[in-house]
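Engineer: Build me a structure from this.
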Amino acid sequence: MSRVPSELDDLKIGLALASGGARGSAHTGVLKVLEAEGIPISAVTGSSIGAMVGGVYAAGVLIERIEQEWLNTTLPKVVRSFLPTFPRAGLSSGGELLKYLHQLLGDVQIEELQVPFAAVGCDIDTGEAVILDHGSLVDAIRASVSIPGIFHPVRWEGHLLVDGGLVEPLPVRLCRDFDVDIVIGVDIVPAPYPTTANRRSLWDRLGQGLKESATNQTWIPGSLTELLDDVFREQTGEERPLPGVYNVINQAVAIFQQEILRLKLTLWPADLIIHPNLPRGLNYMRAAEGIRAGEEAMEESLPKLRALLIERREALSQDGDSRRAIEVIRDRPLE
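Structural biologist: Got it, this is the predicted structure:
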């Protein structure tokens, strides 16, 4: 792959990383490709898992280390992070997560980061988005990933904050505030999908299996196989089975987030959106799949990014020429 021309390096590129739980492993794949291509990131914003990956990256943690942290994720680690402590405001206090973040990042302040960074939290009392762009990086990440009902809310300057993905699933607008020339958004927000597949029920499949087995046995009368066929056909219906309560809640959240995302991007579009093709049911123990999906999506988008960089550079150059021409005319003495 050809690297981006060095003459484009002075353009400021911002990266907005979406919420999406375990799907956030794709953010690491996107960052890997950007680094390999020599594309510098001038600002990072994130919600929820996007805040975690983006904050760690902005703190200067090597992308190889970030990838390894994902790949080292095991079920016991995940369980410890969500370890039930049964506090009043959530299933877990998030103490294990805080411990992990402190071990990884120390006590670094957002103002000290190598790359400008901001996360998003949601005020549980008002529903407003709260920008986390100063103070403890660990506290900002912990606030942004506070899944309602799972982790208890985080106190932040008079606010009680929960997961930022509720109000800003992909914080493009916030990234614009860093005065960047181009904003790349990485969209990993889960989309709705059929809650129950159009497949035969267990009863239907069982009946079909019995009928086929009986049909292949010459010692079983044909009348019996016909009876089996009639019985099981009567028991099966044409309607899809109803989804379980977990699927209904999951689907409702996905619809809710997709609508917010669509509206936000309509008002504040990114210059380039990366859509990793993530498998359904991706979890933290399958991070390698997510990382690879992020890499592939970013690699496929490189031609668009290169064209965008050249286009933006030319526009800025023409704008500069226009300003200089105006200054020359303004400073020219009147005859």
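
Engineer: where exactly do the strands run in the stretch 101-250 of the chain?
Structural biologist: 117-123, 129-132, 149-151, 154-156, 159-163, 182-186 (DSSP state E, counting those that start in this stretch).

Engineer: Which of those has the lowest mean pLDDT?
Structural biologist: Note on the strands of the stretch 101-250 of the chain: strand 149-151 shows the lowest mean pLDDT, a mean of 83.

Engineer: Below-threshold pLDDT in this protein: ranges please.
Structural biologist: 1-9, 74-94, 195-239, 319-335 (pLDDT under 70).

Engineer: Deepest-packed of the strands of the stretch 101-250 of the chain, please.
Structural biologist: strand 117-123 (a mean of 28; mean count of other Cβ atoms under 10 Å). C-betas here are computed from N, CA, C, even on glycine.

Engineer: got a list of contacts for that strand?
Structural biologist: Identification of contacts with strand 117-123 by Cβ atoms under 8 Å, 6 or more residues apart in numbering yields 43-47, 51, 54-55, 58-59, 110, 128-133, 137, 140-141, 143-144, 146, 154, 156, 159-168, 171, 174, 177-178.

Engineer: Tell me, how many residues neighbour residue 317?
Structural biologist: Burial measure for residue 317: 10 neighbouring residues, criterion other Cβ atoms under 10 Å.

Engineer: Make sure it is indeed in a helix.
Structural biologist: Yes - Residue 317 sits within a helix when classified using DSSP: H, G, I helix; E, B strand; the rest coil.

Engineer: which residues touch it?
Structural biologist: By Cβ under 8 Å, 6+ apart, the contact set of residue 317 is empty.

Engineer: Please produce a markdown table containing the strands of the stretch 101-250 of the chain, extended by distance to residue 30.
Structural biologist: Formatted as a markdown table, these follow (distance: least, Cβ to Cβ, whole Å):
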| stretch | distance to residue 30 |
| --- | --- |
| strand 117-123 | 16 |
| strand 129-132 | 22 |
| strand 149-151 | 26 |
| strand 154-156 | 27 |
| strand 159-163 | 21 |
| strand 182-186 | 5 |
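
Engineer: out of these, nearest to residue 282?
Structural biologist: Minimum separation from residue 282 across these (Cβ to Cβ) falls at strand 182-186, 14.8 Å.

Engineer: ok, residues contacting the closest one?
Structural biologist: Contacts of strand 182-186 (Cβ under 8 Å, 6+ apart): 11-18, 26-27, 30, 50, 170, 172, 175-176, 265, 270-274, 276, 294, 305, 308-309, 312.

Engineer: So which of these belong to strands?
Structural biologist: 13, 14, 15, 16, 17, 272, 273, 274 (DSSP state E).

Engineer: re the thing from before, which stretch among the strands of the stretch 101-250 of the chain comes nearest residue 63?
Structural biologist: strand 182-186 (14.3 Å).

Engineer: End to end on stretch 119-139, go ahead and measure it.
Structural biologist: 10 Å (Cα to Cα, to the nearest Å).

Engineer: whoops, stretch 155-167 was the one
Structural biologist: One end of stretch 155-167 to the other measures 18 Å (Cα to Cα).

Engineer: With residue 149 as the reference, measure out to residue 124.
Structural biologist: The gap separating residue 124 from residue 149 is 11 Å, by Cβ to Cβ, to the nearest Å.
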